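A.B. asks: Mind looking at a prediction? Sequence and model below.
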Amino acid sequence: MTVLKPRSRTISVRLSEDEYLALRQLCVVTGARSVSDLTRDAMQVLINGSTRDNALSSCMDEFRAQINSLDRRIEELVDQIVLSKSEVKN
């Protein structure tokens, strides 16, 4: 991927192991490619004036959508199991 704006500045932040692991897990949940990308996105939210509540609300909306999708899939699987069991009995 070509970087349109080269990044030449670096910042450094010390984290506890727990904080770092939490960021890694958040990368998995949000689909961020790396802790750096996740951090850069979070900083952009702050720079652009979005509140933390807005960002959290957006993440929660996505989380709810994923849970609803999983819920529907579980219901489909239960229906398939019930149908299979009734076919075996007949």
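C.D. replies: That came in fine, so what should we check first? Numbers count the residues shown, from 1 in each chain.

A.B. asks: who are the neighbours in contact with the residue positioned nearest the centre of the chain?
C.D. replies: The chain has residue 30 as the residue nearest its centroid, 2.1 Å off, counting by Cα atoms, centre = their mean. Contacts for residue 30 (Cβ atoms under 8 Å, 6 or more residues apart in numbering) come out as 38, 59, 62. Where C-beta positions appear, they are placed from N, C-alpha and C, glycine not excepted.

A.B. asks: For the residues you listed, which entry has the maximal number of neighbours?
C.D. replies: Greatest neighbour count in the contacts of residue 30, by other Cβ atoms under 10 Å, goes to residue 38: 18 neighbours.

A.B. asks: Could you identify the longest helix within the chain?
C.D. replies: In the chain, assigned by DSSP state H, the helix with the most residues is helix 52-89.

A.B. asks: if we can go back for a sec, check the residue nearest to the centre of the chain and give its pLDDT.
C.D. replies: With respect to pLDDT, residue 30 has a value of 82.

A.B. asks: one step back: pLDDT of the longest helix of the chain, averaged?
C.D. replies: 86.

A.B. asks: how far does it sit from the chain's center?
C.D. replies: 16 Å (Cα atoms, centre = their mean, to the nearest Å).

A.B. asks: Which neighbouring elements make contact with that helix?
C.D. replies: If contacts are counted by 3 or more Cβ pairs under 8 Å, 6 or more residues apart in numbering; DSSP states H and E, helix 52-89 sits against helix 17-30, helix 35-47.

A.B. asks: which parts of the first one are buried?
C.D. replies: Going back to what we said before, that points to helix 17-30. For helix 17-30, a neighbour-count test (16 or more other Cβ atoms under 10 Å) marks 23, 27 as buried.
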